[in-house]
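1. Quick one, what's the 3D model for this:
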Amino acid sequence: MKAAVVHEAGAPFTVEEVQIAAPQGGEVLIDVQASGLCHSDLSARNFGIGGAFPAIFGHEVAGIVSAVGPDVTEFRVGDHVVGSLIQACGQCLHCLSGDLVNCEHPERTERPADAEPRLSLNGSKLTQGMALGGFAQQALIDDRQLAKVPADMPWAQAALIGCGVLTGAGAVLNTAAVKQGETVVIIGAGGVGLNAISGAVVAGATTIIVTDIDDGKLERATHFGATHVVNSAKQDPVEAVLEITGGGAPHVFDFVGAAPTLKQAAGMLEQGGTMYIIGIGGPEAKLEINALEFLVARKNLRTVYMGHSNLKRDIPMYAELYRQGRFKLDELITKTISLSQIDEGYEALKDGSIARVVVTDLER
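-> Below you'll find the model as predicted:
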């Protein structure tokens, strides 16, 4: 099969013929139909995060089941599925309590090191990024990392649910458990932030304030449901939020994670409010807080990974909300590309007018 291979950190995505093994145990072989471009894969490619090279990345993947291992009972050939980078063994105390993102044994969704590799190139093992490897014509994935979606779900939209939607909307619905009538602030109107807006709309938030430095992104945020937008390059976002809310917000989500936005988020909180760190601003991004001020005002700080999602529950839920016209996914997709255009796709994402890019032509 064809796959986009990265041979070393920072190297381009190169389409090559690779070998994929037959499914064993609880593995599912899918024919990939769409794979979204997420910045996490780009970071993994650039900095060598998550395993040795050569490697195949791509973790927002959707496709059709073409074969299953002997232990698979949940999926059948022909099922439409979406993958997620949440690796959960399903047996540890965290998993049994529904806290899948803190699974104690995520490695159990991968083949043992001494087993035949799932992916290989000319006889040598290929690293399967995040145990998914969706930048390819086929992917071999543990059934615990897959969820079914309806057969009439469009492929590009389905692929985005596996990461961007779970993270953005999940931060609002699962981690923060935003209630009807509450106020939320969303810092960063990129693809994940837009999903947080959709999540806030579903939750029934009355006031949805979005800050960004790009007017085009803010305009899109309004279309997704933001009630107020603030260009933080043109006005002080903290002052703007305090004025709009009359003293601060109970929920502030930072989808940027840079030092300036972290400081802004802390300053936007009302008494008893919580700031949520979702964005990864880099290793140098630090937050300094006045511990006494936080204590006296009962402010809180939480980190969010994958929206504390349960992929088996949440992926089908978002798919159904989309089918009902209650969750925006069509508007996220601003560019579709072929398997050999991944580098160009990531370059396109630097343009603020581009929300998400999805590989839909697998060059079969």
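2. Can you show me the helices along the stretch 51-200 of the chain?
-> 93-96, 155-160, 166-170, 191-203 (DSSP state H, counting those that start in this stretch).
3. And the strands in the stretch 201-350 of the chain?
-> Taking DSSP state E, counting those that start in this stretch to define them, one finds strands in the stretch 201-350 of the chain at 207-212, 228-231, 249-254, 269-277, 300-303, 333-338.
4. And the stretch 1-150 of the chain, by the same measure?
-> 2-6, 14-17, 19-20, 27-36, 55-56, 60-68, 80-83, 119-121, 124-125, 127-128, 138-142, 146-148.
5. Quick one, which of the ones you listed gets closest to Ile315.
-> Closest to Ile315 of the strands of the stretch 1-150 of the chain is strand 146-148 (Cβ to Cβ; 3.8 Å). Where C-beta positions appear, they are placed from N, C-alpha and C, glycine not excepted.
6. what pLDDT, on average, does stretch 346-353 get?
-> If you average the pLDDT over stretch 346-353, you get 89.
7. Need the contact partners of it.
-> With Cβ atoms under 8 Å, 6 or more residues apart in numbering as the contact definition, stretch 346-353 has outside contacts at 37, 39, 42, 214, 216-217, 334-335, 354, 357.
8. returning to what we had before: quick one: closest of the helices of the stretch 51-200 of the chain to Asp330.
-> Across the helices of the stretch 51-200 of the chain, Asp330 has its closest neighbour in helix 155-160 (6.5 Å, Cβ to Cβ).
9. now what about that closest one, what contacts it?
-> Contacts for helix 155-160 (Cβ under 8 Å, 6+ apart): 33-36, 60-63, 80, 82, 134, 149, 191, 319, 322, 329-330, 332-333, 336, 356, 358, 360.
10. Whichever of those end up buried, select them in ChimeraX.
-> If you want just the buried ones from the contacts of helix 155-160 in ChimeraX, going by 16 or more other Cβ atoms under 10 Å, the selection is:
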select :33,34,35,36,60,61,62,63,80,82,134,149,191,319,322,329,332,333,336,356,358,360
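11. TSV for the strands of the stretch 201-350 of the chain, including mean pLDDT and distance to Asn174?
-> Formatted as TSV, the strands of the stretch 201-350 of the chain follow (pLDDT from 0 to 100; distance: least, Cβ to Cβ, whole Å):
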stretch	mean pLDDT	distance to Asn174
strand 207-212	98	17
strand 228-231	98	24
strand 249-254	98	12
strand 269-277	97	11
strand 300-303	96	11
strand 333-338	96	24
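12. Could you save those as TSV and add columns showing distance to Ala156?
-> Listed next are the strands of the stretch 201-350 of the chain as TSV, based on distance: least, Cβ to Cβ, whole Å:
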stretch	distance to Ala156
strand 207-212	24
strand 228-231	26
strand 249-254	25
strand 269-277	28
strand 300-303	29
strand 333-338	5
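13. so which of the ones you listed comes closest to Arg144?
-> It's strand 300-303; of the strands of the stretch 201-350 of the chain, that one is closest to Arg144 (Cβ to Cβ) at 23.3 Å.
14. and the closest one, how far from the chain's centre?
-> Between the centre of strand 300-303 and the centre of its chain there are 19 Å (Cα atoms, centre = their mean, to the nearest Å).
15. elements contacting it?
-> Applying 3 or more Cβ pairs under 8 Å, 6 or more residues apart in numbering; DSSP states H and E, one finds that strand 300-303 contacts strand 269-277.
16. Given the strand it packs on, what are its sheet partners and their directions?
-> Here strand 269-277 is paired, per DSSP bridges, with strand 249-254 (parallel), strand 300-303 (parallel).
17. most neighbours per residue, which of those strands?
-> Comparing the strands paired with strand 269-277 by mean neighbour count (mean count of other Cβ atoms under 10 Å), strand 249-254 ranks first with a mean of 27.
18. still on that earlier bit, could you dump the contacts of stretch 346-353 into JSON lines with distance to Ala88 and neighbour count added?
-> JSON lines is the format used below for the contacts of stretch 346-353 (distance: Cβ to Cβ, whole Å; neighbours: other Cβ atoms under 10 Å):
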{"residue": "Leu37", "distance to Ala88": "24", "neighbour count": "26"}
{"residue": "His39", "distance to Ala88": "23", "neighbour count": "16"}
{"residue": "Leu42", "distance to Ala88": "25", "neighbour count": "17"}
{"residue": "Asp214", "distance to Ala88": "35", "neighbour count": "18"}
{"residue": "Gly216", "distance to Ala88": "37", "neighbour count": "14"}
{"residue": "Lys217", "distance to Ala88": "33", "neighbour count": "22"}
{"residue": "Thr334", "distance to Ala88": "32", "neighbour count": "16"}
{"residue": "Lys335", "distance to Ala88": "32", "neighbour count": "18"}
{"residue": "Ile354", "distance to Ala88": "32", "neighbour count": "19"}
{"residue": "Val357", "distance to Ala88": "28", "neighbour count": "24"}
